[in-house]
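Q: Give me coordinates for this.
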Amino acid sequence: MAENEAPAPTWFTVKYGDDLSLPFNADCWAVVLIDHIKQRCGYKDATEEFDVLEESGSQVHLPAVGKESATSVLAPKGVYILARLVEAEGGTTVEQLWTPPEGYVAPPPPAASKAPPSKKK
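A: Numbers count the residues shown, from 1 in each chain. Next up is the predicted model:
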């Protein structure tokens, strides 16, 4: 980083409950962050595992990051949805813990990145 360059933002937003949201700082261990998110969003006594989802519905797998920085999987200024991971007979199901406002339309998934052009010989 250049001397005069400001550090990149590490905050992001988690949506939960009935159209509620809170900001969080991703610059910490992922296991610490997910526990902090659970506590701040009112799920501190829940025994299930939790994760966050991208707005497209893709699971981030924050608990799998463990004792590494959550910045490795969370985008600066990103918006995520809190989810509970429920163990079921057929495997784990993801339960979204955010109720969007009436008329909410989810953003489209990001476009697939194009492969770089091949080099000419």
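Q: what's around the residue nearest to D27 when sequence neighbours are not counted, how many residues?
A: In this structure, D27 finds its nearest non-sequential neighbour in T10, 4.0 Å apart by CB to CB, 6 or more residues apart in numbering. The way it works is simple: take the backbone N, C-alpha and C, and place the C-beta from them, glycine included. By other CB atoms under 10 Å, the residues close to T10 number 16.
Q: Just list what the top strand by length along the chain packs against, helices and strands only.
A: Ranked by residue count, the top strand of the chain under DSSP state E comes out as strand 79-88. The helices and strands touching strand 79-88, judged by 3 or more CB pairs under 8 Å, 6 or more residues apart in numbering; DSSP states H and E, are strand 11-18, strand 49-54, strand 91-96.
Q: of all those strands, which lies closest to K77?
A: Closest approach to K77 among those (CB to CB): strand 11-18, 6.5 Å.
Q: Run through who's touching the helix or strand following that closest one.
A: Downstream of strand 11-18, the next assigned helix or strand under DSSP states H and E is strand 20-25. With CB atoms under 8 Å, 6 or more residues apart in numbering as the test, strand 20-25 has contacts from 10-16, 33, 36-37, 40-41, 79, 98.
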